[in-house]
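[1] Dropping a prediction and its sequence here:
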Amino acid sequence: MERVFMTHEIRKSRECAPIWTLTTPDAGGLDRPEKVIVPGVWEAHPALRNYRGRGIYEQQITCGGNVRIWLGGVSFRGSVYLDDALLAEHYGAYTGFEGLALNVPAGEHTLRVEADNRYGDDSALHIPNDYYCYGGINRLVVVEELGQCYITRCHVTPVDGADGWTAEAEVAIHNLSGEGTRGTVSVSVAGKTATAEVELPGNRTTVVTMKIVCGIVATWTPETPKLYTVKAVLEMDGTAADDWIDRIGFREIRIQGNRILLNGAPLRLRGFNRHEEYGAFGLSVPVEGMMRDLQLMREMGANCVRTCHYPNDPLFLDLCDETGMLVWEESHARGLDETKMRHPRFMDQLRASTEEMIEQHFNHPSIFIWGCLNECADDTEYGAACYREILGMLKHLDGSRPVTAALLERPGGLVYGEMDAVSVNLYPQWYHDTPVRDALERKIREIRENGGEGKPVIVSEIGAGAIYGFHDPLGEAKWSEERQGRILRDQIAGVLGNPEVTGVFLWQFADVRVADEWFAGRPKTYNNKGAVDEYRRPKLAYQTVREMFRGDSMGLHCVHDHGDQCLS
Ligand code: ADA
């Protein structure tokens, strides 16, 4: 399943059959090709749990004309071929890309996708890290047949005005042939339609902007997540030639002083960091698993989730839109010091991840903030320049959402002034013994004195580890569930008790596999700070978080998961 709704009614578009033949030619691979299911990472295969190499996926498809292959995610280098002709190459597991083959004779063709998860000099973002870099086709593959022109995106920004809501649409149309042509674009939402005539020069992408005055519509809120379908249609010579269907929610996010306002009401964030990973399925989380994660987080009293440390599957974002779970989405980069940021490919790969994230996820109403560059070198001139560029890029690509970055606890940050909300990862009582309140106050003071005066502050990570099933009745043994619960209780109380803080994302929702190179300090080669383990078995922390989150009613307007707004 690519999305939770149909994305085309006019365009000939279909999901690839799930069975592919996989060949793994490098050391540690299988002796012979095997049938595997896509989407899926090869680590899900018992014999490939540690395979680092290339994976060659093949299947026969029937198609013809202008063929577009959409790959939702290939981890972490991907290339796509039709009958041995290379259509496209892509780096980065967490965003999609297309391959185009023009004037293909109608009939059977061989579709080949090569994935490669070997670390190497060309890879700046996928490196051995505190999460696992899987291999394979991790998201859905779609085959489409296009005419001369097709819609490549339709971004919609909802704008609240005196007479109700307007949907500001930006539609991009690409002409695949060398010959110019013209057409009519219409965009419909909430029963209203706007139409524009458009010139479409050859071999170019043309962008059309239009305003659809929608008036009084239901707003999207976490409690009533009302979604509206957007349909963009391209007509050529009086016939519907292509379409693009997506969903939006009418809602507005604004910063006012040190608060983040959603539809005018200050948010109080209580949430989780969640890696896109589920037990043996690794990075390719089945949609049922995504839904269950959202239910579990909601059950614990969470109203938001951070997609650490990369863009997530649009299916997950669809489910967040549906269920009213607020999302912090960030582009890919975790824990890179200045040397790693000076990698010759670093900025290119980060720019691509950032651009593709916004291009592909712009319309999701659940995304309330964009992030980037988790725990990189914000304390050096060079590092700060990278932050500035990417934060600026996020703002430039989407002026309707605030931007932030999760920074290290250590002092000396140079970019507090560059973001709309300042976010910090803190580990008092876990990596150091400072009392939670002191650690937080010290950091906030430092932020306030160095450019972050008056801005919202988010605790983007805080947490402690436990190995599922390991108990110490005294609650003292490191990695015991009791100790994790005790620390989390202090941490949550300390953070939510600080009136300057907008909210918290706990580290983390579920345990995740980490790179083999990280085995020391990471028992089982897992990051064990989940409230649930990798199979979603609850630790004692589950109850602690549930109590603390559900019991939270601080003195300010806040969005409660059960629907009411509280006012002190
Ligand atoms: C960091 C980092 C996370 C994770 C966490 C931890 O703050 O952002 O990815 O590594 O620490 O568990 O230590």
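    Thanks, I have it. Please read these numbers as outputs of a predicted model, since none were measured by experiment. Numbering: from 1, shown residues only.

[2] In contact with the residue in the chain positioned nearest to the ligand, which residues are there?
    Nearest residue of the chain to the ligand, counting by Cβ to the nearest ligand atom: residue 130, 3.6 Å away. Every C-beta, even on glycine, is put in place using the N, C-alpha and C of the backbone. The neighbours of residue 130, taking Cβ atoms under 8 Å, 6 or more residues apart in numbering as the test, are 334-335, 514-515, 518, 522, 527.

[3] and the ligand, which of these reach it?
    Restricting the contacts of residue 130 to those near the ligand by Cβ under 6 Å from any ligand atom leaves 334-335, 527.

[4] can you put those in JSON lines and add pLDDT and secondary structure?
    Output for those, formatted as JSON lines (pLDDT from 0 to 100; DSSP: H, G, I helix; E, B strand; the rest coil):
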{"residue": "334", "pLDDT": "98", "secondary structure": "strand"}
{"residue": "335", "pLDDT": "98", "secondary structure": "coil"}
{"residue": "527", "pLDDT": "98", "secondary structure": "strand"}
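
[5] Closest to residue 34 out of those residues?
    residue 527 (30.1 Å; Cβ to Cβ).

[6] what are the bridge partners for that closest one, then?
    residue 512 (DSSP bridges).

[7] Just list the residues touching residue 53, thanks.
    By Cβ under 8 Å, 6+ apart, the residues touching residue 53 are 24-29, 116-118, 135.

[8] same question, residue 189
    By Cβ under 8 Å, 6+ apart, the contact set of residue 189 is 156, 167, 169, 212, 214, 228-231, 248.

[9] switch to 7 Å and redo it
    Neighbouring residues of residue 189 by Cβ atoms under 7 Å, 6 or more residues apart in numbering: 156, 167, 212, 214, 228, 230, 248.

[10] now do residue 475
    Residue 475 touches 482-483, 486, counting by Cβ under 7 Å, 6+ apart.

[11] which parts of the chain sit against the ligand?
    So the chain meets the ligand at 130, 334-335, 374-375, 425, 461, 507, 527, 529 (Cβ under 6 Å from any ligand atom).

[12] Which members of those residues are positioned in strands?
    425, 461, 527 (DSSP state E).

[13] what lines up beside the helix or strand containing residue 65 in the sheet?
    Residue 65 belongs to strand 54-71 when assigned by DSSP states H and E. Next to strand 54-71 in the sheet, as set by DSSP bridges, lie strand 19-23 (antiparallel), strand 97-116 (antiparallel), strand 141-146 (antiparallel).

[14] would you list every one of the strands in the stretch 451-568 of the chain?
    Under the criterion DSSP state E, counting those that start in this stretch, the stretch 451-568 of the chain carries strands at the ranges 457-461, 501-506, 512-513, 526-527, 558-559, 565-566.

[15] With distance to residue 547 as extra columns, can I get those strands in TSV?
    Putting the strands of the stretch 451-568 of the chain into TSV (distance: least, Cβ to Cβ, whole Å) gives the following:
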stretch	distance to residue 547
strand 457-461	18
strand 501-506	13
strand 512-513	24
strand 526-527	24
strand 558-559	17
strand 565-566	18
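
[16] before we move on, the earlier item: report the buried members of the contacts of residue 53.
    For the contacts of residue 53, a neighbour count by 16 or more other Cβ atoms under 10 Å gives the buried set as 24, 29, 116-117, 135.

[17] Show me the two of the contacts of residue 130 that sit farthest apart.
    Farthest-apart pair in the contacts of residue 130 is 334 and 522; separation 14.4 Å (Cβ to Cβ).

[18] Tabulate the residues of the chain next to the ligand in JSON lines, adding columns for distance to residue 180.
    Formatted as JSON lines, the residues of the chain next to the ligand follow (distance: Cβ to Cβ, whole Å):
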{"residue": "130", "distance to residue 180": "51"}
{"residue": "334", "distance to residue 180": "45"}
{"residue": "335", "distance to residue 180": "49"}
{"residue": "374", "distance to residue 180": "45"}
{"residue": "375", "distance to residue 180": "49"}
{"residue": "425", "distance to residue 180": "52"}
{"residue": "461", "distance to residue 180": "52"}
{"residue": "507", "distance to residue 180": "53"}
{"residue": "527", "distance to residue 180": "54"}
{"residue": "529", "distance to residue 180": "57"}
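
[19] Would you show me how to pick out the buried ones of those in PyMOL?
    To isolate the buried ones among those in PyMOL, judged by 16+ other Cβ under 10 Å, type:
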select buried, resi 130+334+374+375+425+461+507+527+529
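
[20] quick one, what contacts the residue lying closest to residue 402 once chain neighbours are set aside?
    Computed as Cβ to Cβ, 6 or more residues apart in numbering, the closest residue to residue 402 that is not its neighbour in sequence is residue 420, at 3.6 Å. Going by Cβ under 7 Å, 6+ apart, residue 420 touches 255, 402-404, 455.

[21] quick one: which of those has the most company?
    The most crowded member of the contacts of residue 420, judged by other Cβ atoms under 10 Å, is residue 404 (26 neighbours).

[22] can you pull the contacts of that residue?
    Applying Cβ under 7 Å, 6+ apart to residue 404 gives the contacts 369, 371, 419-423, 458.

[23] so it bridges to which residues?
    Taking DSSP bridges as the rule, residue 404 bridges to residue 371.

[24] Report pLDDT for it.
    Note on residue 404: pLDDT of 99.

[25] And for the residue lying closest to residue 205 once chain neighbours are set aside, the neighbour number?
    Once flanking residues are discounted, residue 205 sits nearest to residue 174: 4.6 Å by Cβ to Cβ, 6+ apart. Using other Cβ under 10 Å, residue 174 is surrounded by 18 other residues.

[26] remind me which residues of the chain are low pLDDT?
    Flagging of the chain using pLDDT under 70 yields the residue ranges 554-568.

[27] And residue 186, how far from residue 171?
    Applying Cβ to Cβ, to the nearest Å, the value for residue 186 to residue 171 is 9 Å.

[28] swap that for residue 324, please
    Going from residue 324 to residue 171 by Cβ to Cβ gives 28 Å.

[29] repeat for residue 60
    According to Cβ to Cβ, residue 60 stands 34 Å off from residue 171.

[30] Looking at those two, which one has more neighbours?
    residue 171 (24 against 10).

[31] follow-up on the earlier one: from the contacts of residue 189, which land in helices?
    If you go by DSSP state H, the contacts of residue 189 have nothing in helices.

[32] Tell me the one of those nearest residue 393?
    So of those, ranked by how close each gets to residue 393 (Cβ to Cβ), first place is residue 156, at 20.4 Å.

[33] who are the neighbours in contact with the closest one?
    Residue 156 makes contacts with 167-169, 189, 230, 248, 363, as judged by Cβ under 7 Å, 6+ apart.

[34] contacting residues around stretch 209-223?
    Stretch 209-223 is contacted by residues 163-170, 187, 189-190, 192-194, 196, 224, 226-228, 249-251, 263, 303, 324, 326, 365, 559, 563 when judged by Cβ under 7 Å, 6+ apart.

[35] Which stretches in the stretch 151-300 of the chain count as strands?
    Counting by DSSP E, counting those that start in this stretch, the stretch 151-300 of the chain has strands at residues 164-175, 181-189, 192-200, 205-215, 228-236, 239-248, 253-256, 259-262, 265-266, 269-273.
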